[in-house]
Structures are given as structure tokens and as C-alpha cells.
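*Asks:* Turn this into a model:
(one chain, ligands or ions: 1)
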Amino acid sequence: MDFALFCTRVSVLVLLLALCSPNKFIQSPMDFDPLNLVQTTTTASVDFGRILFNSPSAVLRPQSPRDISMLLVSLSSSSFSKVTVAARGAGHSIHGQAQALDGIVIEMDSLPSNIEIHKRREGETGFSYADVSGGALWMELLEESLKLALAPRSWTDYLYLSIGGTLSNGGISGQTFKYGPQISNVLQLEVVTGEGELVTCSPTKDSELFNAVLGGLGQFGIITRARILLQDAPEKVKWVRAFYDDFHTFSRDQELLLSMPDSVDYLEGFIVLNEQSLHSSSIAFPAHMEFIPDFGTKAHSKVYYCIEFVVHEYQDKGTNADQVVEEISRQMSYMPSQMYTVEVSYFDFLNRVRIEEMSLRRRGLWEVPHPWLNMFVPKSGINQIRDLVMDNISADDFEGPILIYPFLRDKWDTNTSVVLPEAMPGSGEQVIYVIGMLRSANPKSCSGGCLDEILHRNTWLAKTAGEHAGAKQYLAHHPSPSQWTDHFGRHWHRFADRKSRFDPRCILSPGQGIFSRIYASTSSHRC
Ligand code: FAD
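*Replies:* Now for the predicted structure:
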């Protein structure tokens with residue numbers, strides 16, 4: 001046995017003894033850590049949501065997938081251990097999903113990023129792709145792949161999220177309508193299961209594990225490496241915003257653009273609630289806008305809507321993005337003169353939320369509670385749910401964007417663990433909207449019971465949207481296991497069976513609150 005492996009085993013053993021001891025204590029990194037494997041930090045109990053702060057007993061900073069495997073082999077083979085384990089990517093969850101109360105948090109950013117790009121050669125079959133650590137950030141992958149004029153096809157709006165973190169959820173943005181979510185753009189995964197087995201899986205090899213892990217909320221294994229599909233990156237993009245004062249026209253135009261995947265490369269939209277939302281949404285969009293909306297009075301407020309779309313510009317392919325934008329916009333019905341186009345580099349476009357982050361950080365508004373609610377709503381219910389949302393917020397004091405945009409059901413693989421709203425029987429309904437209420441609770445204006453009130457309202461909104469329109473939460477948070485059963489609906493048994501198979505002692509991702517840890521004195525043998 002080499003020295004490094006010996007040290008790792010000793011560290012894991014000491015950690016387990018510490019966690020199993022009746023006088024549980026937190027080890028200092030100085031006590032045992034020849035490989036810097038175990039240390040304690042407070043960041044593991046904080047996430048972007050700033051709503052829950054569950055402290056782990058210890059933090060593991062693995063240097064390789066083998067370190068993770070050894071920890072999980074040890075924990076799963078002891079029937080007395082109650083210790084749970086959560087992988088933490090960038091910690092941008094809202095409700096403590098990457099936390100492990102009294103358990104072990106694995107900080108995935110300590111794994112070397114090791115990004116390897118495979119560019120398809122002229123005349124070669126197959127795809128270009130990148131192999132990358134599960135703890136790397138999407139931004140790191142973008143920077144590395146752009147060096148070869150390549151980039152992933154499907155994104156999130158914000159790039160400082162980890163590969164493993166977004167693949168555990170879905171990963172959506174304005175490219176989803178065209179290429180599907182990020183989980184539809186993965187060729188292969190390397191995963192450490194709840195029993196510590198290190199498995200390379202794909203749609204054709206160990207496909208049940210592959211499908212379980214994608215959108216699996218961290219329940220079935222820890223993604224240590226992913227193979228991500230790449231495409232040629234454009235040098236520049238034409239970035240367009242068009243304003244509407246009527247929701248029906250806005251959503252009709254969104255669906256028009258949805259039907260043009262050969263021309264449109266990105267499609268989103270948002271509600272313009274007030275002056276502040278117009279201003280903050282314009283920080284990253286470098287156009288001089290002459291839009292002076294009348295938001296009405298407090299008693300009779302008026303809101304607007306903005307469609308955002310993008311056309312890629314490839315110099316060597318001779319594309320004429322200006323002409324494409326003109327052809328598309330001729331068919332749209334936005335408010336007269338209220339369409340704005342800018343040309344920016346592809347990198348700046350993808351990195352747009354970073355500019356908003358910097359602005360919010362400067363104003364002390366980034367590290368505040370974020371009671372976010374994201375829902376997938378079938379097209380048949382979108383008008384009703386828009387009304388429900390508007391009836392339950394106050395337009396003049398809502399801080400943060402409300403995103404609304406459509407995508408197509410058939411771009412999602414139903415074998416993965418994500419749940420979408422069911423299609424109405426016989427309707428063949430393809431279009432699903434995402435509504436993201438990305439609210440900040442600024443302590444200066446939201447104090448006392450204000451945060452709790454917003455959280456209660458969100459719970460009620462999600463429940464009502466589910467009952468009335470078949471909506472499903474995305475990045476879901478449910479306060480009890482029975483609500484998770486409802487969330488998964490007819491897919492619950494598959495989800496629970498996958499848990500029994502890949503993490504039978506229910507060690508992984510306790511912060512999601514779906515399953516309870518199994519150990520010697522629990523009466524049940526199933527989570
Ligand atoms: P974490 O919060 O660290 O973890 C999330 C969950 O995944 C936890 O259960 C954790 O245990 C598990 N996990 C983490 N890493 C791994 C791994 N390697 N293997 C297995 N399980 C793992 N989402 C979108 O889809 N589209 C967006 O446009 C978008 N924009 C966002 C913008 C901001 C500013 C923020 C804060 C979030 C945004 N999100 C978006 C949500 C984001 O995708 C999720 O919160 C995602 O989980 C964040 O990734 P993370 O690395 O921070 O995950």
C-alpha cells in the first residue's frame with residue numbers, strides 16, 4: 001500500500017471514530033490531515049439561499065474520486081453509523097440541499113478540474129466533447145473550451161455553478177428550447193455510489209445509474225467526472241430585447257420564436273414589474289433604451305414583459321445575424337419601437353449574470369436571503385398561474401427578476417430522474433413554461449417575520465399551482481417526505497427503487513429531505 005493511500009485510510013478511520021464517538025467533536029485540521037483531506041469550515045453550513053444553516057461535523061476535501069469512494073465504503077459498511085454525506089458544489093442551493101446536519105460535507109471544488117477537450121476532426125464521425133471534474137465550475141469549462149473555439153450547447157444563466165450541482169438538478173436556460181437542459185447534453189458520467197463503488201456510466205453502460213443521477217438531486221451517487229457535449233462556439237451574438245404590455249401577445253411571440261430553432265439560439269423572457277426591475281435587468285444589456293413605461297399607481301399597477309432572444313454570429317460560416325434578427329422581428333408583435341439589439345462577444349453574453357452579481361455585491365445585496373421559487377407550468381395553465389403569481393406579489397416592492405420562458409417537453413429524457421408536469425391526457429401538449437420568482441429579501445426592507453411570510457406564500461403558491469395547473473417545482477423544496485412522493489407522482493416508485501439500489505443506507509444528500517438514514521436500530525430496511 002503506498003503512503004498516500006495509507007494516510008487517506010487513517011484519516012477516514014479517525015474521522016469515523018470521531019463521528020461515532022459518544023462525545024462527538026469536530027476535529028481540527030491540525031489533529032490529523034496529512035493529505036488535507038479533513039478540515040472544518042463554516043462555509044459548508046451556508047448556501048446562496050441564506051435560509052438554513054445546518055452545520056456538518058466534518059468537511060472532506062478530496063484530492064481524487066478514490067478519497068470519496070473510501071469514505072462511502074467505510075460509512076456504508078458500518079450498520080451502526082448514522083453519518084450522512086452531502087456533496088457541495090458551489091453551494092448555490094436555496095434550502096440547504098448541499099448541507100448535512102452533523103454529517104460530512106464533501107467540498108467538490110478540491111478535486112482537480114482536469115478539463116480535457118476532445119475536438120472532432122474534419123471528416124471524423126462523433127462529437128466534440130469535454131471531460132471535466134464534477135466539482136469544476138461551468139465558467140472554467142467555458143474558458144477552457146473557448147481556447148479551441150468550442151463551447152457546451154446548453155447553459156444555466158449563471159456560470160459560477162458546479163457541473164455536478166446543475167447536473168443533479170437539470171440545468172436550464174435560454175438554450176433549453178433548442179438543445180434540452182444540460183442533462184440532455186451529457187455523454188458519460190463517473191459516479192461514486194452510496195456504497196462507494198466508482199462507476200463509469202453512459203446511456204449504453206450502466207444506464208440505470210446514468211439516468212438516475214441526472215436530475216437525481218444527489219440521491220444516487222456523487223458525480224466525480226462528466227463528459228459534456230460541445231459545439232462550435234460563435235465569436236459574437238446579436239442579443240435582442242423586445243417589450244410588451246400584454247401577456248397574451250408576449251407568450252404568443254415566445255412560442256413563435258420557440259418554433260424557430262434553426263434561427264434562434266437562445267430564448268427567455270421576464271416580467272418588468274417596476275422601475276427597479278427595469279434598471280437591474282438592463283445592467284448587463286449594453287443598449288441605450290428609450291423605454292419609459294408607465295407603471296400606474298399602487299392601486300392600479302401596470303406591468304410589462306420582455307422577450308430576450310439571441311442569434312449566434314459565426315464569421316467563418318458567413319452567417320448574417322442582422323438579417324436573421326430582422327426576419328424574425330418582422331413576425332413579432334412587440335410594442336411599437338420597443339425592440340433593442342446589441343452585439344456582444346459570446347463570452348460576455350454567457351457571463352451576463354456575473355455583471356449583475358458584481359453590481360449587487362457592491363450594494364451589499366448579494367449575500368442576503370433568497371426565497372426563490374421555480375416552477376414548471378404546462379402551457380394550458382400558464383395564464384392562470386401568471387395571474388396567481390401577480391395576485392400574490394406586490395409589484396412595487398418585489399426585488400429580483402421574475403423569469404418566464406417556454407421549452408419543449410420532448411427535449412427532456414424521461415428516463416432521467418427529473419419530473420416535468422404531466423401532459424393532459426390526449427392533448428400531446430409539448431410546451432412547458434418555467435416561471436422563476438428569483439426574489440431577494442433585503443434585510444433593510446424585509447425584516448421581522450417578512451422572510452417567513454414569503455416562504456409560506458411560496459409554499460402555498462407551489463401547492464396551488466400544482467393542484468390547479470399540474471405545475472411541478474424545479475429545484476424543488478418540500479418540507480416532508482410525503483410531499484416528495486406527490487412531487488414525483490407516478491415516478492415515485494422508480495425514484496425509490498433507484499435509491500434502494502444505489503444508496504441503500506440513504507447516506508447521500510440528506511439536505512433534500514427525501515429519505516431518512518438507515519442504520520442498525522431503524523425499524524425499516526428501506527429508506
Ligand atoms: P450545490 O448547491 O452545491 O448542490 C446542489 C445539490 O446537488 C445538493 O443536493 C448537492 O448535494 C448535490 N451535488 C452537488 N454536487 C454534486 C455532485 N458532484 N454529484 C452529485 N450531487 C451533487 N439553475 C438553472 O437550472 N438555471 C439557471 O439559470 C440557474 N441560475 C442560477 C443563478 C444563481 C445566481 C443561482 C444562485 C442559482 C442558479 N441556478 C440555476 C440554480 C442552480 O443550478 C442550482 O442551485 C445548483 O444546484 C447549483 O449548483 P451548485 O454547484 O451550487 O450546487
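
*Asks:* okay, CA-based contacts and neighbour counts for the rest of this
*Replies:* Noted.

*Asks:* CA atoms only: put the strand ranked longest in the chain into CSV for me.
*Replies:* Across the chain, the strand with the greatest residue count (assigned by DSSP state E) is strand 221-232. As requested, C-alpha coordinates have been extracted for strand 221-232 and formatted as CSV (Å, rounded to 0.1, in the frame of the first residue of the first chain):
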residue,chain,number,x,y,z
GLY,A,221,-24.2,9.0,-6.3
ILE,A,222,-21.6,11.7,-6.4
ILE,A,223,-20.6,12.9,-9.9
THR,A,224,-16.8,13.0,-10.0
ARG,A,225,-16.4,13.4,-13.7
ALA,A,226,-18.7,14.3,-16.6
ARG,A,227,-18.4,14.1,-20.4
ILE,A,228,-20.2,17.2,-21.8
LEU,A,229,-21.2,17.6,-25.5
LEU,A,230,-19.6,20.6,-27.2
GLN,A,231,-20.4,22.6,-30.4
ASP,A,232,-18.6,25.3,-32.4
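
*Asks:* List the strands paired with the very next helix or strand once past it, with their directions.
*Replies:* On the C-terminal side of strand 221-232, the nearest following helix or strand under DSSP states H and E is strand 236-244. Under the criterion DSSP bridges, strand 236-244 sits next to strand 304-313 (antiparallel), strand 339-345 (antiparallel) in its sheet.

*Asks:* who touches the shortest one?
*Replies:* When contacts are taken as Cα atoms under 8 Å, 6 or more residues apart in numbering, the neighbours of strand 339-345 outside the stretch itself are 235-243, 285-287, 289.

*Asks:* Out of the residues you listed, which end up buried?
*Replies:* 235-243, 285 (16 or more other Cα atoms under 10 Å).

*Asks:* Tabulate those in JSON lines, adding columns for distance to the ligand.
*Replies:* Written out in JSON lines, the entries for the buried ones among the contacts of strand 339-345 read as follows (distance: Cα to the nearest ligand atom, whole Å):
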{"residue": "Glu235", "distance to the ligand": "22"}
{"residue": "Lys236", "distance to the ligand": "20"}
{"residue": "Val237", "distance to the ligand": "18"}
{"residue": "Lys238", "distance to the ligand": "20"}
{"residue": "Trp239", "distance to the ligand": "17"}
{"residue": "Val240", "distance to the ligand": "18"}
{"residue": "Arg241", "distance to the ligand": "18"}
{"residue": "Ala242", "distance to the ligand": "20"}
{"residue": "Phe243", "distance to the ligand": "21"}
{"residue": "Phe285", "distance to the ligand": "17"}
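
*Asks:* Mind picking the two most distant members of those residues?
*Replies:* Using Cα to Cα, the two most remote members of the buried ones among the contacts of strand 339-345 are Glu235 and Phe243, lying 26.7 Å apart.

*Asks:* So what touches the longest helix along the chain?
*Replies:* Identified as the longest helix of the chain according to DSSP state H is helix 450-469. Contacts made with helix 450-469 from outside it, assessed by Cα under 8 Å, 6+ apart, are listed as 369, 371, 373, 375, 377-378, 380-382, 384-385, 388-389, 392, 441, 471-473.

*Asks:* Provide a list of residues in contact with the closest residue to Pro181 other than its chain neighbours.
*Replies:* Excluding the flanking residues, the one nearest Pro181 by Cα to Cα, 6 or more residues apart in numbering is Ile172, at 5.0 Å. Neighbouring residues of Ile172 by Cα under 8 Å, 6+ apart: 154-157, 180-182.

*Asks:* Quickly list the domain ranges of this protein.
*Replies:* The record, using automatic domain parsing to delimit domains, assigns the chain the ranges 3-108+500-512, 116-232, 236-474.

*Asks:* how far does the last one stretch from start to finish?
*Replies:* The reference is to domain 236-474. Here the two ends of domain 236-474 are set 31 Å apart, with distance taken as Cα to Cα, to the nearest Å.

*Asks:* Just the mean pLDDT for it, thanks.
*Replies:* Looking at domain 236-474 alone, the average pLDDT works out to 95.

*Asks:* tell me how far that domain is from the chain's mean position?
*Replies:* Going by Cα atoms, centre = their mean, to the nearest Å, the spacing between the C-alpha centre of domain 236-474 and its chain's C-alpha centre is 16 Å.

*Asks:* same check, this time on the shortest one
*Replies:* From the chain centre to the centre of domain 116-232 is a distance of 13 Å (Cα atoms, centre = their mean).

*Asks:* Around the ligand, pick out the residues from the stretch 1-150 of the chain.
*Replies:* With the criterion set to Cα under 6 Å from any ligand atom, the stretch 1-150 of the chain comes near the ligand through 48, 86-93, 97-98, 134-135.

*Asks:* rerun at 5 Å
*Replies:* Applying Cα under 5 Å from any ligand atom, we find that the stretch 1-150 of the chain lies next to the ligand at 86-93, 97-98, 134.

*Asks:* Just put those residues in JSON lines and tack on secondary structure, distance to Arg498 and pLDDT.
*Replies:* Shown next, in JSON lines, are those (DSSP: H, G, I helix; E, B strand; the rest coil; distance: Cα to Cα, whole Å; pLDDT from 0 to 100):
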{"residue": "Ala86", "secondary structure": "strand", "distance to Arg498": "18", "pLDDT": "98"}
{"residue": "Ala87", "secondary structure": "strand", "distance to Arg498": "18", "pLDDT": "98"}
{"residue": "Arg88", "secondary structure": "strand", "distance to Arg498": "21", "pLDDT": "98"}
{"residue": "Gly89", "secondary structure": "coil", "distance to Arg498": "22", "pLDDT": "98"}
{"residue": "Ala90", "secondary structure": "coil", "distance to Arg498": "26", "pLDDT": "98"}
{"residue": "Gly91", "secondary structure": "coil", "distance to Arg498": "25", "pLDDT": "98"}
{"residue": "His92", "secondary structure": "coil", "distance to Arg498": "26", "pLDDT": "98"}
{"residue": "Ser93", "secondary structure": "coil", "distance to Arg498": "23", "pLDDT": "98"}
{"residue": "Gln97", "secondary structure": "coil", "distance to Arg498": "19", "pLDDT": "98"}
{"residue": "Ala98", "secondary structure": "coil", "distance to Arg498": "20", "pLDDT": "98"}
{"residue": "Gly134", "secondary structure": "coil", "distance to Arg498": "21", "pLDDT": "98"}
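
*Asks:* A PyMOL selection for those, restricted to the buried ones, would help me check which they are.
*Replies:* Applying 16+ other Cα under 10 Å to these, the buried members can be selected in PyMOL as follows:
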select buried, resi 86+87+88+89+90+91+92+93+97+98+134
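
*Asks:* Now for the closest residue to Arg225 other than its chain neighbours, how many residues are close by?
*Replies:* Distances taken as Cα to Cα, 6+ apart put Ser133 closest to Arg225, at 4.3 Å, once the chain neighbours are dropped. Summarising burial for Ser133: neighbours were counted as other Cα atoms under 10 Å, giving 28.

*Asks:* My read is that Ser133 contacts Ile222, right?
*Replies:* No: at 11.0 Å, Ser133 does not count as touching Ile222 under the criterion of Cα atoms under 8 Å.

*Asks:* any idea where the strands of the stretch 51-200 of the chain begin and end?
*Replies:* Remark: strands assigned in the stretch 51-200 of the chain by DSSP state E, counting those that start in this stretch are 58-60, 85-88, 104-107, 116-118, 128-133, 150-152, 186-193, 198-201.

*Asks:* Show me the one of those that comes nearest Gly215.
*Replies:* Comparing those under Cα to Cα, the one sitting nearest is strand 186-193, at 11.8 Å.

*Asks:* I'd like the next helix or strand past the helix or strand hosting Ser359.
*Replies:* When secondary structure is defined by DSSP H and E, Ser359 falls within helix 352-362. Proceeding N to C from helix 352-362, the next assigned helix or strand is strand 373-378, under DSSP H and E.
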